[in-house]
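Trainee: Sequence plus predicted model, see below.
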Amino acid sequence: QAPLVESGGGVVQTGGSLNLSCVASHYSLGGAAFSAYDMGWYRRAPGKEREFIANINSGGKYYSDSVKGRFTISRDNSRNMLFLQMNALKLEDTAVYYCNTNPPGRIGGRNYWGQGTQVTVSS
């Protein structure tokens, strides 16, 4: 199983919602509990660099200004899973979404990224 697997993307109209999921392979955690990892969501829009959008750790949840108030990050440590509830979607949210540690690279290796999940927002 791949270290990180994202799912839940799709095509949605502006103003709609999607809930993304990410599961971390048990064997990729290096013996540590999933709860010990600061986890984040990132995205890469067409023609742009990959950007951070949210992370969650024992201290709380943090969001980029572009998604604050619309997106909610959460996790289920018992299932090694990370979630991103996306509401009030905008055209500019169209991107491939990835989960990774924050900062990236603590699961799967320094340069590892999963396949991501495509989110397309249409008017």
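Mentor: Yes, it's here.

Trainee: what kind of secondary structure is the residue at minimal distance from the centre of the chain in?
Mentor: Central residue of the chain (CA atoms, centre = their mean): Trp41, 2.9 Å from the mean position. Under DSSP: H, G, I helix; E, B strand; the rest coil, Trp41 falls in the strand class.

Trainee: residue contacts, it?
Mentor: Counting by CB atoms under 8 Å, 6 or more residues apart in numbering, Trp41 touches 20, 22, 52-55, 71, 73, 82, 84, 97-99. From N, CA and C alone the C-beta is placed, and that goes for glycine too.

Trainee: run the last query once more with 7 Å
Mentor: Applying CB atoms under 7 Å, 6 or more residues apart in numbering, we find Trp41 in contact with Ile53, Ala54, Ile73, Leu84, Tyr97, Cys99.

Trainee: same thing with Arg44?
Mentor: Going by CB under 7 Å, 6+ apart, Arg44 touches Arg50, Ala95, Val96.

Trainee: just curious, which of the residues you listed is nearest to Tyr63?
Mentor: Ala95 (15.3 Å; CB to CB).

Trainee: residues contacting the closest one?
Mentor: Counted by CB under 7 Å, 6+ apart, Ala95 has contacts Arg43, Arg44, Ala45, Val119.

Trainee: Grab the two from the residues you listed that are most spread out in space.
Mentor: Arg44 and Val119 (10.8 Å).

Trainee: Leaving out sequence neighbours, find the closest residue to Lys61.
Mentor: Distances taken as CB to CB, 6 or more residues apart in numbering put Ile73 closest to Lys61, at 5.4 Å, once the chain neighbours are dropped.

Trainee: Isn't the one you found up against Met86?
Mentor: No - using CB atoms under 7 Å, Ile73 makes no contact with Met86, being 10.1 Å away.
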